[in-house]
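**Student:** all I have is the shape, not the residue letters:
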């Protein structure tokens, strides 16, 4: 979003206010309430207003789109996704059918949970009679870049409208989800992420959400679900209430120098297949390792296939494969894997299945 677009958001928000008169984990709900007052003055100011920083500008342009999400005495954060829906974390809403949403202008709405996805930790809430000032927050079209300046806006510890600043510290991260699977294509930030920030936006200086905050992992380390994955999952949650993740049914590890030595590989590259779900799509197509050797004091897999690429996209890390399947594949699609087997490269086709329900899941 450009500066002109941000200015339009400011004008729309101002006009609306005249017409309408709003893992880090979840924090405790605050009992404090906010009283909004309006005042006018015809006095001529004696001094010019202080220059506003870029962070102040972005905050003012986006904060009305951010909401506090409250359920059963706990709270998290969310933000307006489109004209009728808000997005937050699945772990914030839990099994609830409805949640309370508090907007920046102090208005409360009861929202209906229309869909959750535990694998991506995303949830969608339908919002009736959304305050006009709470316009949808655009999702970034371009992926976040390392070093990019960002802000986290939310309600940590029940404190309304809090902003912290930082940069994008890393991209294409793989972070834990409540299911035991990992969320691919995640964004890492050093902006402070605290209890209650869960489900809120990680916002670029252009006023676009580059990620949905998911968790804080310690000092200067926070994570969010990327805009690309959020958009893909949320669109399906709105339409169908669920999102089906592609499933290959394999466990893999990146080939390290130790694994390469144990398997007489010239260079460490690709992903070693260490296990295959006997009931999964890759059964009979990919060969898992069947032995272990000790190299430099650590056990490493010996034998089995090494996955070098999926649909001509190189798989240097497990994150590469996970992100590709999450963003570009669906159950029923057939992917072409470039596989190293017994010293020779070959192509193996796998028809992807549907990822099992969390309680059914065995192999990642």
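**Tutor:** Cool, the structure landed. The structure presented is a predicted model; accordingly, all values stated were derived computationally and were not measured.
**Student:** need the longest strand for the chain.
**Tutor:** strand 162-176 (DSSP state E).
**Student:** give me the sheet partners of that strand and which way each runs.
**Tutor:** If you go by DSSP bridges, strand 162-176 pairs up with strand 149-154 (antiparallel), strand 182-189 (antiparallel).
**Student:** tell me the mean pLDDT over that strand?
**Tutor:** Throughout strand 162-176, pLDDT has a mean value of 95.
**Student:** again with stretch 271-279
**Tutor:** Stretch 271-279 comes out at a mean pLDDT of 96.
**Student:** list the buried ones in it?
**Tutor:** Across stretch 271-279, burial judged by 16 or more other CB atoms under 10 Å covers 271-277. Bear in mind the C-beta positions are built from the backbone N, C-alpha and C, glycine included.
**Student:** wait, is residue 59 part of a helix?
**Tutor:** Yes - assessed with DSSP: H, G, I helix; E, B strand; the rest coil, residue 59 lies in a helix.
**Student:** that one and residue 152: what is the separation?
**Tutor:** Separation of residue 59 from residue 152 (CB to CB, to the nearest Å) stands at 11 Å.
**Student:** ok, now residue 330?
**Tutor:** Distance from residue 330 to residue 152, by CB to CB: 31 Å.
**Student:** who's more crowded, those two?
**Tutor:** The neighbour count for residue 330 versus residue 152, taken as other CB atoms under 10 Å, is higher for residue 152 (27 against 14).
**Student:** go ahead and confirm the more buried one touches residue 161.
**Tutor:** No - judged on CB atoms under 8 Å, residue 152 makes no contact with residue 161 at a distance of 11.8 Å.
**Student:** what sits in contact with each of those two?
**Tutor:** With CB atoms under 8 Å, 6 or more residues apart in numbering applied, the contact sets of residue 152 and residue 161 do not overlap.
**Student:** how about the nearest residue to the residue nearest in space to the middle of the chain, chain neighbours excluded?
**Tutor:** Closest residue to the average C-alpha location of the chain: residue 225 at 0.9 Å, with CA atoms, centre = their mean. Distance criterion CB to CB, 6 or more residues apart in numbering; nearest residue to residue 225, sequence neighbours excluded, is residue 212 at 4.5 Å.
**Student:** surely that neighbour and residue 87 touch.
**Tutor:** Yes - counting by CB under 8 Å, residue 212 touches residue 87, with 6.2 Å between them.
**Student:** and residue 67, how far from residue 77?
**Tutor:** Distance from residue 67 to residue 77, counting by CB to CB: 7 Å.
**Student:** look at these two and report which has more neighbours.
**Tutor:** residue 67 (35 against 30).
**Student:** show me what the strand or helix carrying the more buried one is packed against.
**Tutor:** Element membership of residue 67, judged by DSSP states H and E, is strand 66-71. Packed against strand 66-71 by the contact rule (3 or more CB pairs under 8 Å, 6 or more residues apart in numbering; DSSP states H and E) you find strand 74-80, strand 85-88, helix 90-93, strand 98-102.
**Student:** of all those, which one is nearest residue 340?
**Tutor:** Closest to residue 340 of those is helix 90-93 (CB to CB; 37.3 Å).
**Student:** break this structure down into its structural domains.
**Tutor:** Domain assignment for the chain by automatic domain parsing gives 1-27+52-238, 246-354.
**Student:** and the shortest one, how far out from the chain middle?
**Tutor:** Centre-to-centre, domain 246-354 and its host chain are 25 Å apart (CA atoms, centre = their mean, to the nearest Å).
**Student:** can you show me the helices along the stretch 101-250 of the chain?
**Tutor:** With helices called from DSSP state H, counting those that start in this stretch, the stretch 101-250 of the chain shows them at 227-240.
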